[in-house]
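Participant: Here is my input, please return the structure:
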Amino acid sequence: MIYLDRITTTPLDERVFRTMEPYLREHWGSPSNLGRAGDAPAAALEKARADVSALVGSKAEEIFFTSGGAEASNWAIKGLLRHPRVAGRRVLASPVENLHVRHPLERMRREGFDVSWLSVDSEGRVNPDEVQKTLRREKAALVALVAASGEAGTLEPLVGVGRIAREAGAAFFVDATHAAGHVPLDVREMNIDLLSLSAHYFYGPKGAGALFRREGLSLLPLVEGGAQEEGLRAGTPNVAGCAGLGEAARLAREEADSRGTHLGSLAREIRAVLQSLDGLSLTGHPVERLPGHESFCVEGVDGEALLVLLNEEGVTASSGSVCSSEIGKPSHVLQAMGLPPERIKSSLVLAPLKSTTREEVLEAMRILKHCVERLRA
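Facilitator: A predicted model of the protein is given here:
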């Protein structure tokens, strides 16, 4: 199998597994245990907290472990907006947010908050000037912005929007589930107050994630019933998963340059073939995008049918509309970018792994061309 679907998940790095294994076998105690049973698990949690904080440029004590990016995003939104100290009832968000951000925002709208959706350009980017003008008209409690859409791959202007949100007194939440471990993130430089991430998108374990909360920011717990995570997230921590998240974060930071160079090289190979195909149009920003991520539409081809044929030929990819198509709707991301329904239906995403070889990419592109010709015929 040639796996080109990093936006859905990534395989567990062998080094991450080796880091996790002792906490599944030998050091299986709870970090809350007094004495030796809890010493190693507690130390593992603090090391992981430090490694995750280094990945995003925060203090270790500002990192809180979760079951993944969806929980972290829900916690950031609901925990902030439901807090009695929240200033205002207005929220600004981009229309290209992941569903684990859109759905809790819709929940808060039903609870009485005014959720306003910003616009994006044809490449999927928010305009910081629009954010500034909107905040000048009316104060907001929260500005939410995805770091990078998994469907379009476009990197959002976090530095500019973060500065504007800070000056306006609004909390700035960033969903970094697709970006963390792949592009540089610095919560201080970007004026980020809340950030969610998930290990399995950068070669860590599934079921492990984290929320960055800026020190001093008021946040209600989402999961209650214990004193873990400073009393903000109850439940015995998944020590092995947290250790794996920390190791995946450490490796991502240390290998950032080599991974980026490799994925950039693969992306150029992919794009060269894509641009040679008739009736193909690329989506998202041509430069400011996730490394190794290529998204496009193929005229006269159904994206789901193309995925099926590719899978039969041993290539795993993603359709840009796959996430929303499960609930019978076209991709809200591509719709916000102004793509017509027929183009959305023909969308595809190719995102190789750090272990993908040039030979595998060239073979996958040969198969892609064959499948497109077959469907058009």
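Participant: Can you list the low-confidence ranges for this structure?
Facilitator: Scanning the chain for pLDDT under 70 picks out 320-329.
Participant: try 90 this time
Facilitator: For the chain, applying pLDDT under 90 flags the ranges 30-39, 87-88, 138, 224-232, 234, 299-300, 319-332, 336-344, 377.
Participant: in it, which spans are strands?
Facilitator: All strands of the chain, identified by DSSP state E, fall at 2-3, 63-66, 90-93, 114-117, 142-146, 171-175, 194-198, 209-213, 280-283, 294-298, 315-316, 347-350.
Participant: same for the third one, what does it pack against?
Facilitator: Contact here means 3 or more Cβ pairs under 8 Å, 6 or more residues apart in numbering; DSSP states H and E; on that basis strand 90-93 packs against helix 99-110, strand 114-117, helix 128-137, strand 142-146. The C-beta positions use only the backbone N, C-alpha and C, and glycine is treated the same way.
Participant: contacts for the first one?
Facilitator: In other words, helix 99-110. Contacts to helix 99-110, defined as Cβ atoms under 8 Å, 6 or more residues apart in numbering, come from residues 69-70, 73-74, 77-78, 81, 91, 93, 97, 115, 144, 146, 175, 177, 323-324, 332.
Participant: what's the answer for the second one, then?
Facilitator: By Cβ under 8 Å, 6+ apart, the residues outside strand 114-117 that reach it are Arg89, Arg90, Val91, Leu92, Ala93, Ser94, Pro95, Leu105, Glu106, Met108, Arg109, Thr134.
Participant: Nearest residue to the middle of the protein?
Facilitator: For the chain, Thr177 is the residue whose C-alpha lies nearest the centre (Cα atoms, centre = their mean; 2.0 Å).
Participant: Let me see the contact set for it.
Facilitator: By Cβ under 8 Å, 6+ apart, Thr177 lies in contact with Gly69, Ser73, Asn98, His100, Gly150, Ser196, Leu197, Ser198, Tyr201, Gly209.
Participant: if we go to 10 Å?
Facilitator: Residues in contact with Thr177 (Cβ atoms under 10 Å, 6 or more residues apart in numbering) are 7, 68-70, 72-73, 98, 100-101, 146-148, 150, 195-202, 209.
Participant: same thing with Tyr3?
Facilitator: By Cβ under 10 Å, 6+ apart, the residues touching Tyr3 are 9-11, 314-317, 351-353, 355-356, 360, 364.
Participant: Would you report the backbone torsion angles of Gly169?
Facilitator: phi 80, psi 20 (degrees, to the nearest 10).
Participant: Would you check how far apart the residue nearest to Glu224 when sequence neighbours are not counted and Trp75 are?
Facilitator: In space, and not counting its chain neighbours, Glu224 is closest to Ala234: 5.4 Å by Cβ to Cβ, 6 or more residues apart in numbering. Counting by Cβ to Cβ, to the nearest Å, the gap from Ala234 to Trp75 is 12 Å.
Participant: sorry, back to before: report the buried members of the contacts of Tyr3.
Facilitator: Among the contacts of Tyr3, those classed as buried by 16 or more other Cβ atoms under 10 Å are Thr10, Val315, Ala317, Ala351, Pro352, Leu353, Thr356, Glu360, Ala364.
Participant: Need the residues touching each of Ala234 and Trp75.
Facilitator: Joint contacts of Ala234 and Trp75 (Cβ under 10 Å, 6+ apart) are Pro221, Leu222, Val223.
Participant: Can you tell me which of these is closest to Asp121?
Facilitator: Leu222 (33.5 Å; Cβ to Cβ).
Participant: Could you list which residues are in contact with the closest one?
Facilitator: Per Cβ under 10 Å, 6+ apart, neighbours of Leu222: 66, 71-72, 74-79, 82, 104, 211, 232-234.
Participant: What's the ChimeraX line that selects buried ones from those residues?
Facilitator: Buried members of the contacts of Leu222, defined by 16+ other Cβ under 10 Å, are picked up in ChimeraX with:
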select :66,71,72,74,75,76,77,78,79,104,211,232,233
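Participant: Restricted to helices, list the contacts of Leu222.
Facilitator: Using DSSP state H, the subset of those located in helices is Glu71, Ala72, Asn74, Trp75, Ala76, Ile77, Lys78, Gly79, Pro104.
Participant: residue contacts, the closest residue to the first one other than its chain neighbours?
Facilitator: Going back to what we said before, that points to Glu71. In space, and not counting its chain neighbours, Glu71 is closest to Gly209: 6.5 Å by Cβ to Cβ, 6+ apart. Contact analysis of Gly209 by Cβ under 10 Å, 6+ apart lists 52, 64-73, 177, 180, 196-201, 241-242, 245.
Participant: try Ser218
Facilitator: Gly79, Leu80, His83, Pro84, Arg85, Val86, Ala87, Ala171.
Participant: That one and Val159, how far apart?
Facilitator: Look at Ser218 and Val159: by Cβ to Cβ, they are 25 Å apart.
Participant: and stretch 169-178, which residues are buried?
Facilitator: Across stretch 169-178, burial judged by 16+ other Cβ under 10 Å covers Ala170, Ala171, Phe172, Phe173, Val174, Asp175, Ala176, Thr177, His178.
Participant: Kindly apply the preceding question to stretch 60-67 instead.
Facilitator: Under the neighbour-count criterion of 16+ other Cβ under 10 Å, stretch 60-67 has Glu62, Ile63, Phe64, Phe65, Thr66, Ser67 buried.
Participant: Could I get the full set of helices for the stretch 251-377 of the chain?
Facilitator: With helices called from DSSP state H, counting those that start in this stretch, the stretch 251-377 of the chain shows them at 256-274, 303-312, 322-325, 332-336, 341-344, 358-376.
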